[in-house]
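[1] Structure for this input, please:
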Amino acid sequence: MKTTTLLPLAAAFLGSSASPIDVSNGRITLQLDLDLGQNAIGAQANNFGDLFTFTSMQAIHATPDQVVNETTPTGGLDGASGTFNFGINSHANMICYNITLHNFQGEFDSPANTATHIHEAALGASGPPRIAFPNPEPVEGNEAVRNSAGCLKGPFVTGVVMEEKDTGEGFHVSMIEANPSAFMADTHSSLALPGAVRGQLA
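    As a prediction, this is how the structure comes out:
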């Protein structure tokens with residue numbers, strides 16, 4: 001796992017402060033100063049090391065030709081592509097992500113909190129977002145490439161309400177592991193509202 005993934009995990013989920021990273025002998029050491037209340041200690045009775053273990057991983061290649069509106073192909077955003085790398089820890093209801101977009105154009109645009117998601121949708125079909133990720137930001141020195149990396153832990157909130165509840169409410173990453181092909185990853189552009197690029201999990 002890259003340090004760009006470890007640091008957001010430590011800050012966001014353990015409520016800790018991290019000391020400088022020691023890189024020596026080809027190994028990365030991250031020392032954490034944990035500051036957890038008594039209730040949190042009871043809730044985290046299991047080994048903290050388990051948080052850094054993935055129960056499954058996904059690598060998705062996203063392209064414009066996979067984008068649909070309902071079931072109608074839209075063509076997405078011509079010339080764009082993306083890679084969505086996910087590490088899932090179903091014990092902690094946590095997902096780590098490293099998302100890279102190439103040749104994204106327009107502005108990120110979606111009724112959800114962000115425009116980059118995992119949707120519950122089979123191949124060739126649309127479906128609601130279940131997890132909303134931070135939108136990738138331009139990489140310094142190469143404006144054609146955008147990236148975001150980190151980890152999210154449930155409960156999840158997408159900002160999209162269906163049947164009077166947020167589409168992330170009650171969602172657990174174990175649902176992805178139970179049937180990954182029922183989910184897809186995508187991002188949305190103002191120039192391609194149904195989706196700029198999309199890729200099916202498997």
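
[2] Now the top strand by length along the chain: average pLDDT?
    Looking across the chain with DSSP state E, the single longest strand is strand 142-153. The pLDDT scores in strand 142-153 average 95.

[3] Just the CA trace of it, in CSV.
    Extracted in CSV, the C-alpha atoms of strand 142-153 (Å, rounded to 0.1, in the frame of the first residue of the first chain):
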residue,chain,number,x,y,z
ASN,A,142,0.7,17.3,-16.1
GLU,A,143,-2.7,19.0,-16.3
ALA,A,144,-4.1,16.2,-18.4
VAL,A,145,-3.8,13.8,-15.4
ARG,A,146,-5.9,14.0,-12.3
ASN,A,147,-5.6,11.9,-9.2
SER,A,148,-7.2,11.3,-5.8
ALA,A,149,-6.1,8.8,-3.1
GLY,A,150,-7.2,8.0,0.4
CYS,A,151,-9.7,5.9,2.4
LEU,A,152,-13.4,6.2,3.3
LYS,A,153,-15.2,4.4,6.2
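
[4] now that strand: how far from the chain's centre is it?
    Centre-to-centre, strand 142-153 and its host chain are 10 Å apart (Cα atoms, centre = their mean, to the nearest Å).

[5] That one packs against which elements?
    In terms of contacts (3 or more Cβ pairs under 8 Å, 6 or more residues apart in numbering; DSSP states H and E), strand 142-153 is packed against helix 3-13, strand 94-102, strand 129-133, strand 137-139. C-betas here are computed from N, CA, C, even on glycine.

[6] Pull the residues that contact the third one.
    Going back to what we said before, that points to strand 129-133. The contact list for strand 129-133 (Cβ atoms under 8 Å, 6 or more residues apart in numbering) reads 95, 97, 99, 110, 112-114, 116-120, 148, 152, 156-160, 167-168, 171, 175, 183.

[7] give me the number of residues near Met57?
    10 (other Cβ atoms under 10 Å).

[8] sec struct for it, please.
    Classification of Met57 by DSSP: H, G, I helix; E, B strand; the rest coil places it in strand.

[9] quick one: it and Phe84 touch, right?
    No. Between Met57 and Phe84 there is no contact under Cβ atoms under 8 Å: 11.3 Å.

[10] Next SSE downstream of the strand or helix carrying His188?
    Using DSSP states H and E, His188 sits within strand 183-189. For strand 183-189, the succeeding helix or strand toward the C-terminus, using DSSP H and E, is strand 192-200.

[11] what's the distance between that next one and the middle of its chain?
    15 Å.
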